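Student: coordinates only, sequence not included:
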């Protein structure tokens, strides 16, 4: 109430003449100034995007001046840090895909099943406990997941599969899968719940079982939103850094064997930027070239997911 | 008799699925499968936390918090990392809250729906999905090299600000959207200007939700290690940062460093540091939940 009272006694009500003098024009400038200041705040987000693109492009120029884009995209060896140098990004892309794919294999079925259970089967009390509990999982820093992979999961895997290396892709897959799980669950659960009740009731009226309703009606109706949640989660897995740096090792190689040590794009960036590579060298500029590739990958997935989500929103509102 | 009674009763349930004898079984099995998935998820969470606490609990003590890192694993503490973390989070909050809330106010209250607004909005949503290491590269190129801030607290805080800004903006926008339009109209009807409406009505009304978003964003920043590694922040410091231009380390980096050392004792120290970090994070999250709960009850439109 207080602010209303102030604005009243300011004498602005009905533009009355109490506010004679310079007050209105001062207020006008003040309002203009505030509006401009807020616009600058909003512009920061645009500037960030511009900054990312400009930095990635300009800083990777020296790299692409020496290495052809064709070699970069098709080369099968990535050894920029020792002689003979090779600059083919495929091993890094392969490592990233291996980890993201493995994580998706774990997170997608488990997450979708949980989302279906929470949205269709669980009592409200269960849902209201399990959902926040899983959100705790989303709040755990990724360095903790890296630690878990390194200290608990890797030794376990080596016990089961003696051929596994100490740093291996599989333990990274498992923890990254657990990391992206809450994302799949909460996004999918929301789209499942947003499916109108009438669709379910119509289906029951036709004599469908709960399984028929869930898998034949609700999930297909929410499919675009579910796919979008998968894409967002995979984008997150691709960009995940600490867990893969700690667990998957630093051997850039073209392999699909999850028990081997590999390197992802993010792990490579960490390796170089936290090492003692002189600034301005070709090795150093590889960071920006790899970063550019990573940014392009995740941006495509994110844009695709948002496009799917926006189409879905139109359908139900 | 009883069989005659039970016969039609069973039929009445099963008649819809008469052509498919296993339909009900399948339905039950599916329900069980989904429940099992949920159980696995929750069990994973419990196992994860329990394993870490079990492993690191013995090392959690006051000494851990008050000692500097050391090459002797038994004596090593997290003092410099803890102070570095607090320093960094404080600065990040100082930068990200005004900018983020300001941007949200501009987009929600000042900007008319237009192609520009849609563009900015899409852009923010995309920024929220950019991997944090990419922000690290941006910080490396922009703050560390171009602006010559080196590996300072300031460069780290500015980098983290960019990481959390999309979260702050998105949650603050949602908080402002939740304030009903009648409040705005009432304010304007009394002759308040736009800014008076925002400052006197909208911000107080949406403050709890905005705070919740800010706390969640800061707890994300507190656990973030990748962008700091990318800008080259130290993983091991034995001094406290005194000015914003000093080198620093943070808890996630300390954990990263200790986890990579071969000695078992350092791994245990890392587990203890994780326990401390998680305790701080869970307290922050609990505060956010409490705020949301408390104020959602009190404010009723």
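Tutor: The structure has been received and is ready for your questions. If you're wondering where the values come from, they're calculated on a predicted model, not measured in any experiment. Residues are numbered from 1 along each chain as shown, chains lettered A, B, ... in the order given.
Student: Show the low-confidence segments of the stretch 1-150 of chain A, by residue range.
Tutor: A:1-23 (pLDDT under 70).
Student: and if we set it to 90?
Tutor: Filtered on pLDDT under 90, the stretch 1-150 of chain A yields the residue ranges A:1-32, A:59-89, A:127-129, A:131-139.
Student: so where do the helices sit in it?
Tutor: Ranges of helices in the stretch 1-150 of chain A, per DSSP state H, counting those that start in this stretch, are A:2-9, A:23-66, A:69-74, A:90-116, A:124-139, A:142-148.
Student: how about those, which one is nearest residue B:20?
Tutor: With Cβ to Cβ, the closest approach to residue B:20 among the helices of the stretch 1-150 of chain A belongs to helix A:90-116: 20.6 Å. Where C-beta positions appear, they are placed from N, C-alpha and C, glycine not excepted.
Student: What is the neighbour count of residue 28?
Tutor: Since no chain was named, I'll use chain A. Neighbourhood size, residue A:28 [other Cβ atoms under 10 Å in any protein chain shown]: 11.
Student: I was after chain B.
Tutor: Look at residue B:28: counted by other Cβ under 10 Å, it has 13 neighbours.
Student: Could you check how far it is from chain A?
Tutor: 8 Å (Cβ to the nearest Cβ, to the nearest Å).
Student: Residue B:53 too?
Tutor: Residue B:53 is 12 Å from chain A, by Cβ to the nearest Cβ.
Student: Mind pulling up the pLDDT for residue B:220?
Tutor: According to the prediction, residue B:220 has pLDDT 91.
Student: which ones are touching it?
Tutor: A:139, B:163-164, B:167 (Cβ atoms under 8 Å, 6 or more residues apart in numbering or on different chains).
Student: Select from those residues the one having the most neighbours.
Tutor: Ranking the contacts of residue B:220 using other Cβ under 10 Å puts residue B:163 first, with 29 neighbours.
Student: Give me the residue at the spatial middle of the chain.
Tutor: Since you didn't name a chain, this refers to chain A. residue A:236 (2.8 Å; Cα atoms, centre = their mean).
Student: To clarify, I was referring to chain B.
Tutor: Most central in chain B (Cα atoms, centre = their mean) works out to residue B:220, at 3.4 Å.
Student: Residues touching stretch B:66-81, excluding its own?
Tutor: Residues outside stretch B:66-81 that contact it (Cβ under 8 Å, 6+ apart): B:63-65, B:236-240, B:248-251, B:253-254, B:258, B:263, B:265-266, B:268-269, B:273, B:276.
Student: Of those, which belong to helices?
Tutor: B:63-65, B:251, B:253-254, B:258, B:265-266, B:268-269, B:273, B:276 (DSSP state H).
Student: what's the most distant pair in the residues you listed?
Tutor: Farthest apart among those - using Cβ to Cβ - are B:63 and B:253, which lie 20.4 Å from each other.
Student: Just say which of the helices of the stretch 1-150 of chain A is most tucked in.
Tutor: Counting by mean count of other Cβ atoms under 10 Å in any protein chain shown, helix A:142-148 has the highest mean neighbour count of the helices of the stretch 1-150 of chain A, with a mean of 28.
Student: how about it, does it reach chain B?
Tutor: Yes. Helix A:142-148 reaches chain B (Cβ under 8 Å from any Cβ of the partner chain) through A:142-144, A:146-148.
Student: and that helix, what does it pack onto?
Tutor: helix A:169-193, helix A:242-247, helix B:23-56, helix B:203-223, helix B:251-260, helix B:264-298 (3 or more Cβ pairs under 8 Å, 6 or more residues apart in numbering or on different chains; DSSP states H and E).
Student: Buried residues of the next helix or strand after that helix, list them for me.
Tutor: The element immediately downstream of helix A:142-148 (helix or strand, assigned by DSSP states H and E) is helix A:154-160. By 16 or more other Cβ atoms under 10 Å in any protein chain shown, the buried positions in helix A:154-160 come out as A:154, A:157-158.
Student: Identify the spatial nearest neighbour of residue 99, chain neighbours not counted.
Tutor: Reading this off chain A. residue A:172 (5.1 Å; Cβ to Cβ, 6 or more residues apart in numbering or on different chains).
Student: Let me rephrase: I mean chain B.
Tutor: Nearest residue to residue B:99, sequence neighbours excluded (Cβ to Cβ, 6+ apart): residue A:41, at 4.8 Å.
Student: Report the separation between the one you found and residue B:51.
Tutor: Residue A:41 sits 43 Å away from residue B:51, going by Cβ to Cβ, to the nearest Å.
Student: what about the host helix or strand of residue B:173 and chain A, touching?
Tutor: Using DSSP H and E, residue B:173 falls within helix B:153-177. Yes. Counting by Cβ under 8 Å from any Cβ, chain A is contacted by helix B:153-177 at B:162, B:165-166, B:169.
Student: Next, the angle helix A:23-66 makes with that helix.
Tutor: Using axes from the mean of the first three to the mean of the last three Cα atoms, to 10 degrees, the inter-axis angle of helix B:153-177 relative to helix A:23-66 is 130 degrees.
Student: just checking, what packs against helix B:153-177?
Tutor: Helix B:153-177 packs on helix A:23-66, helix B:79-105, helix B:115-128, helix B:132-139, helix B:203-223, helix B:226-230, going by 3+ Cβ pairs under 8 Å, 6+ apart.
Student: Looking at these, spot the one closest to residue A:79.
Tutor: It is, among the helices and strands packed on helix B:153-177 and with distance given as Cβ to Cβ, helix A:23-66, at 14.7 Å.
Student: hmm, back to that, neighbours of the residue nearest to residue A:99, how many?
Tutor: Count around residue A:172 with other Cβ under 10 Å applied: 36.
Student: go on, the one 10 residues further on?
Tutor: The local packing count at residue A:182 equals 24, with neighbours defined by other Cβ under 10 Å.
Student: So it sits against residue A:133, correct?
Tutor: No. Residue A:182 is beyond contact range of residue A:133, at 9.5 Å (criterion: Cβ atoms under 8 Å).
Student: Tell me how far residue A:92 lies from chain B.
Tutor: For residue A:92, the distance to chain B - Cβ to the nearest Cβ - is 13 Å.
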